[in-house]
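Novice: Need a 3D model of the sequence below.
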Amino acid sequence: MQEDYDKDSKTSIQISPITRDRLFKLKFRRTYDQFLNELCDQYEKADPQEKTG
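Specialist: Coordinates of the predicted model:
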């Protein structure tokens with residue numbers, strides 16, 4: 001997972017200002033990278049039926 005990547009290696013993603021503002025309100029002093037990794041972890045742990053809905 002995240003540990004396999006060079007910590008200095010970054011890329012950029014494009015999101016709308018509305019999405020950026022929503023993410024900012026949710027992240028609670030975490031970086032976007034940390035927040036998105038936690039979101040991915042939750043998705044991977046989710047019930048497979050929830051993923052297809």
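
Novice: Quickly find the element holding the residue nearest the centre of the chain.
Specialist: Residue closest to the average C-alpha location in the chain (C-alpha atoms, centre = their mean): Leu36, at 1.1 Å. If you go by DSSP states H and E, Leu36 is part of helix 32-45.

Novice: Okay, buried residues for that helix please.
Specialist: The neighbour-count check on helix 32-45 (16 or more other C-beta atoms under 10 Å) flags Phe35 as buried. Every C-beta, even on glycine, is put in place using the N, C-alpha and C of the backbone.

Novice: other SSEs contacting it?
Specialist: helix 17-26 (3 or more C-beta pairs under 8 Å, 6 or more residues apart in numbering; DSSP states H and E).

Novice: May I have the helix it packs on as PDB, with CA atoms only?
Specialist: Extracted in PDB, the C-alpha atoms of helix 17-26 (Å, rounded to 0.1, in the frame of the first residue of the first chain):
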ATOM      1  CA  PRO A  17     -13.400  24.000  -5.800                       C
ATOM      2  CA  ILE A  18     -16.700  22.600  -4.300                       C
ATOM      3  CA  THR A  19     -15.200  19.200  -3.800                       C
ATOM      4  CA  ARG A  20     -12.000  20.700  -2.400                       C
ATOM      5  CA  ASP A  21     -14.000  22.700   0.100                       C
ATOM      6  CA  ARG A  22     -16.000  19.600   1.100                       C
ATOM      7  CA  LEU A  23     -12.800  17.600   1.600                       C
ATOM      8  CA  PHE A  24     -11.300  20.400   3.700                       C
ATOM      9  CA  LYS A  25     -14.300  20.400   6.000                       C
ATOM     10  CA  LEU A  26     -14.000  16.600   6.500                       C
END
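
Novice: roughly how far is that helix from the heart of the chain?
Specialist: Once both centres are worked out by C-alpha atoms, centre = their mean, to the nearest Å, helix 17-26 turns out to sit 12 Å from its chain's centre.

Novice: between the helix holding Leu36 and helix 17-26, how big is the angle?
Specialist: Per axes from the mean of the first three to the mean of the last three C-alpha atoms, to 10 degrees, the angle that helix 32-45 makes with helix 17-26 is 90 degrees.
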